[in-house]
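Participant: Fold the following and give me the result.
(one chain, ligands or ions: 1)
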Amino acid sequence: MTPAVRVLSDAHAVQRAAAEEFAARTEAAVRARGVTFVALSGGSTPRGLHTLLADPGEPFRARVPWEQLHVFWGDERPVPPDHPDSNYRMAHDTLLRHVPVPRAHIHRVAGEDPHHARAARRYARELRQVFSTHGRLEGGWPRFDVVILGMGADGHTASVFPGTDAVHEKTRLVVAAWVAKLGSHRITLTPPVLNQADAVLVLVTGGDKAETLAAVLEGPPLPDVYPSQTIRPLTGSLTWLVDRAAAARLAAPAGR
Ligand code: 6PG
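Facilitator: Below is the predicted model:
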């Protein structure tokens, strides 16, 4: 399926469009199946999305079926859940502590486990178990209703970084990859899991990402250089929500 690229005026408009899509997709999933599964992202861009979703003055909070929502993460850093770098902590502080998601539906990665491969295996087990309980494990792959992703200026997405084996992973749901440029491990969902989703939203804002965004969307396939190119949902939709600054180097931003 051809990805949709929506160019919006600024970061706030990107976050609003993502909140609208998040609410619509989770509502529809609960209407159809009584349960919904989302994967959140780390980084700075989704903070505004979380804040909008949690805000009682905005329409989204009342629409999202929080009690039927299962929350996972696309990736995690090797830190405890109360660490300032923790993706779990960011989502907790900006969203989860403000909305009634049942505690048992919050499925975080054990970033504090010093054995990163073990934490990855444990997270994969939890994914299989939760999704199979609800009949959403297809051919061994969990099917998310919505996956939120960001893109780094180097072209990484989730924690699938340039030049790492995660780019080519075909069998595992989760890997713990050493990322040399960070001098650190990252635990990430793999491209086959991300690509099993019903809807993937990639939020990209800021002029520092413009060059990379053009290479990812309009350049030749170079997934080892630009891992974001591995995101091609098999049957679901892929929507890039980008602001004008990030879209500045696209060939035809105005026509999109
Ligand atoms: C993380 C991410 C990562 C992020 C991008 C973009 O844990 O860092 O999940 O993939 O989405 O690096 O980050 P920004 O939104 O901060 O630019």
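
Participant: residue in the stretch 101-250 of the chain nearest to the ligand?
Facilitator: Residue nearest to the ligand within the stretch 101-250 of the chain (CB to the nearest ligand atom): Gly150, separated by 2.4 Å. C-beta coordinates here come from the backbone N, C-alpha and C atoms, glycine included.

Participant: How about the secondary structure of the residue nearest to that residue when sequence neighbours are not counted?
Facilitator: With sequence-adjacent residues excluded and distances taken as CB to CB, 6 or more residues apart in numbering, Gly150 is closest to Gly43, at 4.4 Å. Using DSSP: H, G, I helix; E, B strand; the rest coil, the structure places Gly43 in coil.

Participant: ok, Gly43 touching Leu149?
Facilitator: No - the criterion here is CB atoms under 8 Å, and Gly43 misses it with Leu149 at 9.2 Å.

Participant: Which one's more surrounded, these two?
Facilitator: Between Gly43 and Leu149, Leu149 has the larger neighbour count (other CB atoms under 10 Å), namely 28 against 18.

Participant: Any buried residues in the longest helix belonging to the chain, and which?
Facilitator: Identified as the longest helix of the chain according to DSSP state H is helix 11-33. Residues of helix 11-33 classed as buried: 11, 13-19, 21-23, 25-26, 29-30 (neighbour count, 16 or more other CB atoms under 10 Å).

Participant: Just the endpoints, please. Distance across stretch 154-162?
Facilitator: Start-to-end span of stretch 154-162 (CA to CA, to the nearest Å) is 7 Å.

Participant: Tell me how many other residues crowd the closest residue in space to Pro102 that isn't next to it in sequence.
Facilitator: In space, and not counting its chain neighbours, Pro102 is closest to Glu67: 6.3 Å by CB to CB, 6+ apart. Counted with other CB under 10 Å, the neighbours of Glu67 add up to 12.

Participant: One more: Gln68?
Facilitator: Gln68, neighbours per other CB under 10 Å, totals 18.

Participant: Settle this for me: it is touching Arg31, isn't it.
Facilitator: No - Gln68 is beyond contact range of Arg31, at 10.1 Å (criterion: CB under 8 Å).

Participant: Going along the chain, name the helices of the stretch 1-150 of the chain.
Facilitator: Applying DSSP state H, counting those that start in this stretch to the stretch 1-150 of the chain gives helices spanning 11-33, 46-54, 60-63, 87-94, 116-133.

Participant: I'd like to know how many residues surround Val5.
Facilitator: 21.

Participant: what does Gln129 give?
Facilitator: 12.

Participant: what do you get for the one 10 residues further on?
Facilitator: For Gly139, the count of nearby residues is 7 (other CB under 10 Å).

Participant: Quick one: residues contacting it.
Facilitator: Contacts for Gly139 were tallied using CB atoms under 8 Å, 6 or more residues apart in numbering; there are none.
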